[in-house]
Each structure stands twice: as structure tokens, then as C-alpha cells.
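Trainee: give me coordinates for this.
(2 chains)
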2 protein chains.
Amino acid sequence: MRIAELSRRSGVPVPTIKFYLREGLLPAGQLTSPNQARYSDAHLHRLRLVRAMVELGGLSIAAVREVLGALDDPAKSMQKALGTISAAVAPPDLGTEDEVAHQQVEEFLARQGWVSRPASYAHKALVGVLATAREVGHERFTDLLDGFGRAAMPLAEADMEYVLAAKTKDGALEGVVVGTVLGDAAMAAVRAMARRELSGRLTGEEDEPQPC
Amino acid sequence: MRIAELSRRSGVPVPTIKFYLREGLLPAGQLTSPNQARYSDAHLHRLRLVRAMVELGGLSIAAVREVLGALDDPAKSMQKALGTISAAVAPPDLGTEDEVAHQQVEEFLARQGWVSRPASYAHKALVGVLATAREVGHERFTDLLDGFGRAAMPLAEADMEYVLAAKTKDGALEGVVVGTVLGDAAMAAVRAMARRELSGRLTGEEDEPQPC
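Mentor: Reported below is the predicted structural model:
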């Protein structure tokens, strides 16, 4: 297909596609003339994946490039590729040295019975969130942590099952990307829906759709 | 305090603070000379809240401005302010018309026994996520939804308790912002930690910290 059709089918504007091509997020099409290239279904699939990472996952171009590099490198072991992907899709590490927040994460992990991995991106991200909560005067935010922990383990089991159901290494890695990026976005939406449902029940309001 | 101290204590660079001042995200300080202003602890608190929304929540400047407007408007009812805040912190609405994804969300809500609010931001966001999953060939992603639903209701109850514990309307509204923005970031981090914990247990690897 031509770039115009690629744009129409992916919902990504042509200038954005050209930007992704320049940035190496999308492999070049097959040249049919000096100014024209043809793209395949593989390009369309890749483009949709890039769009999901950028628009839903809020990933930077650099992070998307790292994820794609891990997906595309046949020499990389599953474990190494997973490490690269986890790093790229991880919530931002605010680089805090808040000792209290560090301690709160350790205590949370001990209560859950989970191994502490202070060097991991997720661990650092959680420390950053708790440090921020303290900074804005919401120390009580840590009260919510145990609920997150209880909710997260069954979700992780479902994620794992989802990834293991893939038949190839490529499929499994893509499953991790999709599960994380789409999973975090879906979880945020479902949490918001549950809050709305609960507040509807508590206030006994009419069951009509409301724009909030 | 002077702007340099505000910067040091908030961790926000001076040029960024000036940008927030120009954009109206931070009220002007009290002028002490034509070129110098003094800032209070209220400025510091507001700046930290803005930083959390931008860096952890990934909110746009426009969205932050709307949230702050809702927090600051004494004439706005709690319900209206909550609507504005929900809209601003909602995951992006990809504006899809994917009928299958719409149907999948309706079926999910019916299984959970939740009221359908198709006009709500969270509802549209979830439709967008499911449409994206279908587009990238991951129809099976919907299998994860019921797990999200089961996990979300106890979290929503904890959120509600957290917000209701605030003593003022301002406090409650800020609790919603903190709970949503920090809550989504914390939940993403805890989900990643749970996945890592589970994969550690399954592969029986050594319990040493690893950077992934």
C-alpha cells in the first residue's frame, strides 16, 4: 500500500508517519520510484504498535525505539529483552533520595512477602511516588499501598498467563508490551469507572449516563 | 522565599517555575522590587502538586490548568469540580468508533453489574484501549478485563475512604487529584513489581536485586 493508505488504515497522519520513518521507528518501505514507496501489512502492524505506545502509554520516542530494538533483536535472550522492555515502559524514576519513602517501600514489600529489588525501575518509581505524596503533604497515601499489592498479584498472574499463551518469542515479547502499556491504561480507566460506580451507589443518584 | 529557594525546595528548575508563572499554573509572588518576588509555603505546595501532575501523571499544561481552576473555584460545587478533575486526569480518549470495542465494554460492565456511562471519559478511554488491542491483533486482551474489574472495586473503596477522610472541600478535591495521579502511577509500579516477583518465583532464580 502507499503511505496515504497506511495513514488511513492506521489513523496516523502522513507527516507523523514520515517522522517515525526518519526516527527509525518504522522500517523504510520498498521503493517503487525515487519518490514513492510501498508498505506492507507488517508496516501497518508496527505502526499501530508505535501509536499505542506513544498515545496510550505516553512513551517517549527514545523509549519506543528501545522497545522496538528489543523486539527486533533475535540475538537477545528473552530475559534480556524483557529487561529492556521493562525499563522502557516503566513509570518515570524521579531520582529521589527520600529515606522515608525508601523505608515505606521496604515495609510494603515485607508485608506482601515480596523480594525487594531496590535497583529495579518499578521499585524506584514507587519510591518516587511515595516521596511526592509526602512532599505534597499526603503522607496518608501509603495507606492505599496494601490494597494495590493485594490487587496486583492476581493481575500479574493473568498477565503471565496472557504472555505464556503466545506461541513465539516475538509474540510473547509483544504480549508484554501490549499487556503493560494497554494494561496500565485499561486499569486506570477501570479504576475510574469503579470510583464512579461507587459514588453513584453512595449518592443514590439516577442511573443515567453522566459526562464525568 | 526567593525563586532560587523555591526551586531548590521543590526540585523544579527556575526556568520551569517561570514558565508555570507565565502559564498561570502558579500565582505570582509578592513583588519586593521591580525584579524580585517573594514566595510562600503555599507556592511551594502548589508547585509540588503541579510537578506531580506533570511528571507522574503526564498531564498536559492545559489539563493541569483545568484541575487547578476546579480546585480554586469556591463557587464550584464538589460534584462539578470532581467532573472537571475527572475529565482532566482521564486517560486519553482516542475517539474510536470501533463497534466491537464498544460492545466489549458494555459486556464487561454487565458482567460486573456496573451502570454503563458511555459518555464518561473513562468509558471512552477503555473503548479506545480495547480498539487498539484489536488493531494490533491482541483480541485476547479483553480476557484481562474481568481481573481489572475485580481488582478495581476494593481500590475504589479505599480511594473513597481516603477522600472522605479529608476535613475540607479543598482537601477532598486535592485528595482526588493525588489519589488518581499518584494512585495510577503507584498501581503501575506495583503491578510491575508483582510481575517481577511472580516471574522470580516461577523461574526459581536467586533472590538478588536485578536491574529489570
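Trainee: residue A:64 versus residue A:20, what's the distance?
Mentor: Note on residue A:20: its distance to residue A:64, by CB to CB, to the nearest Å, is 9 Å. For every residue, glycine as well, the C-beta is placed using N, CA and C.
Trainee: any shared contact partners between those two?
Mentor: Residues touching both residue A:20 and residue A:64 (CB atoms under 8 Å, 6 or more residues apart in numbering or on different chains): residue A:50.
Trainee: which one of the two has more residues nearby?
Mentor: More neighbours surround residue A:64 than the other of residue A:20 and residue A:64, with 24 against 19 (other CB atoms under 10 Å in any protein chain shown).
Trainee: and the more buried one, what is it in contact with?
Mentor: A:25, A:50, A:53, A:54, A:88.
Trainee: can I get those in CSV including pLDDT?
Mentor: Output for the contacts of residue A:64, formatted as CSV (pLDDT from 0 to 100):
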residue, pLDDT
A:25, 93
A:50, 92
A:53, 87
A:54, 87
A:88, 80
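Trainee: among those, which are in helices?
Mentor: Mapping those onto helices (DSSP state H) picks out A:50, A:88.
Trainee: and residue A:15, how many residues sit next to it?
Mentor: Per other CB under 10 Å, the neighbour tally for residue A:15 reads 9.
Trainee: quick one: low-confidence residue ranges for chain A.
Mentor: Applying pLDDT under 70 to chain A flags the ranges A:91-92, A:94, A:203-212.
Trainee: centre of the chain to stretch A:164-176, how far?
Mentor: Mean-position distance between stretch A:164-176 and its chain equals 16 Å (CA atoms, centre = their mean, to the nearest Å).
Trainee: show me what counts as buried in that stretch.
Mentor: Neighbour counts over stretch A:164-176 (16 or more other CB atoms under 10 Å in any protein chain shown) mark A:166, A:172, A:173, A:174, A:175, A:176 as buried.
Trainee: that stretch near chain B at all?
Mentor: Yes: on the criterion CB under 8 Å from any CB of the partner chain, stretch A:164-176 is in touch with chain B at A:165, A:174, A:175.
Trainee: contacts for that stretch?
Mentor: A:49, A:70, A:71, A:78, A:81, A:82, A:85, A:162, A:163, B:136, B:138, B:140.
Trainee: and those residues, which is closest to residue B:181?
Mentor: The closest of the contacts of stretch A:164-176 to residue B:181 turns out to be residue A:85 (CB to CB; 24.3 Å).
Trainee: skip the chain neighbours and tell me the closest residue to the residue most central in space within chain A.
Mentor: What sits nearest the mean C-alpha location of chain A, by CA atoms, centre = their mean, is residue A:181, with 2.5 Å. Excluding its sequence neighbours, the residue lying closest to residue A:181 (CB to CB, 6 or more residues apart in numbering or on different chains) is residue A:57, at 3.6 Å.
Trainee: and the gap between the one you found and residue B:32?
Mentor: Distance, residue A:57 to residue B:32, using CB to CB: 45 Å.
Trainee: more neighbours, the two?
Mentor: The neighbour comparison of residue A:57 against residue B:32 (other CB under 10 Å) goes to residue A:57, with 23 against 10.
Trainee: got a list of what the more buried one touches?
Mentor: Taking CB under 8 Å, 6+ apart as the test, what residue A:57 contacts is A:89, A:180, A:181, A:182, A:184, A:185.
Trainee: so which residues of chain A form strands?
Mentor: With DSSP state E as the criterion, chain A has strands at A:30-33, A:36-38.
Trainee: need these in a markdown table with distance to residue A:15, can you?
Mentor: Formatted as a markdown table, the strands of chain A follow (distance: least, CB to CB, whole Å):
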| stretch | distance to residue A:15 |
| --- | --- |
| strand A:30-33 | 20 |
| strand A:36-38 | 15 |
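Trainee: point out the most buried one among those strands.
Mentor: For these, average neighbour numbers computed from mean count of other CB atoms under 10 Å in any protein chain shown are highest in strand A:36-38, which has a mean of 14.
Trainee: name the nearest residue to residue A:202, ignoring sequence neighbours.
Mentor: Residue nearest to residue A:202 in three dimensions, not counting chain neighbours: residue B:160, with 7.4 Å by CB to CB, 6+ apart.
Trainee: contacting residues for the one you found?
Mentor: Shown in contact with residue B:160 (CB under 8 Å, 6+ apart): A:195, A:198, A:199, A:202.
Trainee: give me the subset of these lying in helices.
Mentor: Short answer: the contacts of residue B:160 in helices (DSSP H) are A:195, A:198, A:199, A:202.
Trainee: mind checking which of the residues you listed are buried?
Mentor: A:195, A:198, A:199.
Trainee: run through the residues you listed and flag the ones next to chain B.
Mentor: Okay, of those touching chain B (CB under 8 Å from any CB), that's A:195, A:198, A:199.
Trainee: any chance of these in CSV, plus distance to residue A:44?
Mentor: What follows is these, written out as CSV (distance: CB to CB, whole Å):
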residue, distance to residue A:44
A:195, 36
A:198, 40
A:199, 41
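Trainee: can you tell me which of these is nearest residue A:100?
Mentor: Nearest member of these to residue A:100, counting by CB to CB, is residue A:195, at 28.0 Å.
Trainee: wait, the closest one touches residue B:156, no?
Mentor: Yes: between residue A:195 and residue B:156 there is a contact at 4.4 Å, judged by CB atoms under 8 Å.
Trainee: so how do I select the buried members of the contacts of stretch A:164-176 in PyMOL?
Mentor: In PyMOL syntax, the buried subset of the contacts of stretch A:164-176 is picked out as below (16+ other CB under 10 Å):
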select buried, (chain A and resi 49+70+71+81+82+85+162+163) or (chain B and resi 136+138)
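Trainee: can you add distance to residue A:130 and give the contacts of stretch A:164-176 back as a markdown table?
Mentor: A markdown table is the format used below for the contacts of stretch A:164-176 (distance: CB to CB, whole Å):
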| residue | distance to residue A:130 |
| --- | --- |
| A:49 | 32 |
| A:70 | 29 |
| A:71 | 32 |
| A:78 | 31 |
| A:81 | 30 |
| A:82 | 25 |
| A:85 | 25 |
| A:162 | 29 |
| A:163 | 28 |
| B:136 | 33 |
| B:138 | 32 |
| B:140 | 34 |
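Trainee: what's the closest of the contacts of stretch A:164-176 to residue A:119?
Mentor: Relative to residue A:119, the closest of the contacts of stretch A:164-176 is residue A:82; by CB to CB it sits at 15.4 Å.
Trainee: could you pull out the helices for chain A?
Mentor: Counting by DSSP H, the helices of chain A are A:3-10, A:14-22, A:41-51, A:61-72, A:78-89, A:99-112, A:121-135, A:145-164, A:169-203.
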